[in-house]
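Return a 3D structure for these sequence lines:
(one chain, ligands or ions: 1)
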Amino acid sequence: MCTRTLLFAIIIVFLGASCKEVSKEKPLSQHIRESTDKGIKDWGNFPIGGAINVRKALKDRKLDSITVQNFNSITSTNDMKMYAIVKEDSIPDFTRVDSLVSYTKKNGMRLFGRALVWHYGLPKWISKTTEEKGAAWADTFLRKYIDTVVPRYKDDVVAWDVVNEAFDTKTGAYRKTFWYETFGKEYIEKAFRYAHAADPDAKLFYNDFGQEKYPEKLDSIIAMVYDFKNRGVPIRGIGLQMHLEMDTPEQAIADALKKSAATGLLVHISELDIIFNKHNDENDGGEQAITELTEEMKLAQAEKFKQVALLYRKHVPKAQRFGITFWDFNDRDTWIKPFFDLKEWPTNYDENLDPKPAYYGFIEGLVTKIEN
Ligand code: 9MR
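Residues are numbered from 1 along each chain as shown. Below you'll find the model as predicted:
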């Protein structure tokens, strides 16, 4: 080989090696952005969920493709609530739930059922009939309702939120709802026992919001869980909705996750979103301080989503990770805007259904190496 050819060959090898160096050092965020064939579910080692309204997903191709790309677990935003199933009278309407079941089956997704008992939006006819006929009627109704709904989806629904939001914000006392006024706190236990009898294989969850915001509420929930475990009430998981605010301290999120995981139950972050303004949990209103979304805020939100994923991985042992579910998951459809009457951007996708920095930030939190 002449000297010139040798020199050329050395340069080529050198260039090749340095190119490899470059691609090796490609920043994680760039690697994630370039992996357009993947969705959030493909980066972690636990289920990633999305809460959907199936009618919207079936009509809107972009929403459908985002859903299929990112999630391997689905929660229904409203269609599985008692008020949607037995709206007017006791005749159950399963049309929407059935269509949700076909959607998740077609796409090979896990279906999470919710919520069997929730005070909010209780169909009026139920409280009215209870007033007329008494608590015994309500008990029979509750049992019959659970016995009708749960076995129907035995092969489709792996887990249920059995009771949602039974504790007061701030004080941690039992919330004085229709169910509480009718049965006392025993309604919670009743519902778990009825659900277990209806499908002994279903994993049964207690779900609530603000465990990271209201320590008394967190402690009441944890105390109830230990009491249930001691007395053999069939509870298998705790759901933390995690409707967070940008300034929710990471320590508070960690505490809620740690205490929940210490019970040994499955832990589900069940309704994740992160707002810039404030929820007002007392009167269902919001406190609007911020009206514009800046680039800087988008990056800060990305970092917050990343921290949530990291904290979940750090504090919830692998075997207890039921998953993380995003509520509505785009700034167009988010419940936050109408519910709290706020201008807001609490999710991973923007109003045009394009991924925000928050989308990539969360994925970084799924893949960044941690020690635990
Ligand atoms: O996102 C839901 C919204 O579309 C409904 O109007 C509202 C009332 O049913 O419920 C929203 O979802 C709630 C969830 O089921 C429980 N946690 C908080 C959410 C807001 O109440």
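
all contacts plus neighbour counts: C-alpha atoms, from now on.
OK.

number of nearby residues for the closest residue to I40 other than its chain neighbours?
Of all residues not flanking I40 in the chain, N70 sits nearest, at 4.8 Å (Cα to Cα, 6 or more residues apart in numbering). Neighbour count for N70, taken as other Cα atoms under 10 Å: 17.

how much space is there between N70 and P47?
Counting by Cα to Cα, to the nearest Å, the separation of N70 from P47 is 10 Å.

just A254 next, same as before
20 Å.

need the contact list for G108.
N72 (Cα atoms under 8 Å, 6 or more residues apart in numbering).

Which helix or strand contains it?
Using DSSP states H and E, no element contains G108; it sits outside every helix and strand.

Residues touching stretch 158-166, excluding its own?
Here stretch 158-166 has contacts from 110-119, 174-175, 177, 188, 191-192, 195, 201-209, 239, using Cα under 8 Å, 6+ apart.

Of those residues, which count as buried by neighbour count?
110-119, 174-175, 177, 188, 191-192, 195, 202-209, 239 (16 or more other Cα atoms under 10 Å).

From A300, how far off is the nearest residue to G285 once chain neighbours are set aside?
For G285, the nearest residue in space outside its immediate sequence neighbours is F340; the separation is 4.4 Å by Cα to Cα, 6+ apart. F340 sits 22 Å away from A300, going by Cα to Cα.

Neighbour count for the two, which is higher?
Between F340 and A300, counted using other Cα under 10 Å, the more crowded position is F340 (19 against 16).

and the gap between I126 and K318?
Taking Cα to Cα, one finds I126 at 41 Å from K318.

of these two, who's got more company?
Shown here are I126 and K318; by other Cα under 10 Å, I126 has more neighbours (21 against 14).

quick one: the helices in the stretch 251-372 of the chain?
295-315, 336-340, 357-367 (DSSP state H, counting those that start in this stretch).

which one of those is the most hemmed in?
Compared across the helices of the stretch 251-372 of the chain, helix 357-367 shows the largest average neighbour count, a mean of 23 (mean count of other Cα atoms under 10 Å).

So what angle separates the directions of it and helix 295-315?
20 degrees (axes from the mean of the first three to the mean of the last three Cα atoms, to 10 degrees).

same question for helix 357-367, mean pLDDT?
Mean pLDDT, computed over helix 357-367, is 98.

tell me what that helix is packed against?
Here helix 357-367 touches helix 28-34, helix 295-315, going by 3 or more Cα pairs under 8 Å, 6 or more residues apart in numbering; DSSP states H and E.

if we go to 6 Å?
helix 295-315 (3 or more Cα pairs under 6 Å, 6 or more residues apart in numbering; DSSP states H and E).

Now do stretch 197-213: everything it contacts.
By Cα atoms under 6 Å, 6 or more residues apart in numbering, the residues outside stretch 197-213 that reach it are 147, 151, 158-165, 218, 235-241, 252-253, 256.

Show me which of those residues are buried.
Judged by 16+ other Cα under 10 Å, buried ones among those: 147, 151, 158-165, 218, 235-241, 253, 256.

what does this protein put close to the ligand?
Within the chain, the positions adjacent to the ligand are 77-78, 335 by Cα under 6 Å from any ligand atom.

now the strands: where do they sit in the protein?
Here the chain has its strands, by DSSP state E, at 48-52, 73-76, 110-113, 117-118, 157-164, 203-208, 237-240, 243-245, 266-275, 278-280, 285-287, 321-326.

Quickly note the distance from the residue nearest to N207 when sequence neighbours are not counted to the ligand.
Closest residue to N207 in three dimensions, ignoring its sequence neighbours and counting by Cα to Cα, 6+ apart: G239, at 4.2 Å. G239 sits 11 Å away from the ligand, going by Cα to the nearest ligand atom, to the nearest Å.

my read: G239 touches L265, true?
No - with contact defined as Cα atoms under 6 Å, G239 does not reach L265; the gap is 10.1 Å.

Compute the number of surrounding residues for the residue of the stretch 51-200 of the chain found nearest the ligand.
As assessed by Cα to the nearest ligand atom, the ligand sits closest to T77 within the stretch 51-200 of the chain, at 5.3 Å. For T77, the neighbour count with other Cα under 10 Å is 18.

Who are the contact partners of the most centrally placed residue in the chain?
Closest to where the C-alpha atoms of the chain average out (Cα atoms, centre = their mean) is S270, at 2.3 Å. Neighbour list for S270: 239-241, 325 [criterion: Cα under 6 Å, 6+ apart].

go with 7 Å
239-241, 324-325 (Cα atoms under 7 Å, 6 or more residues apart in numbering).
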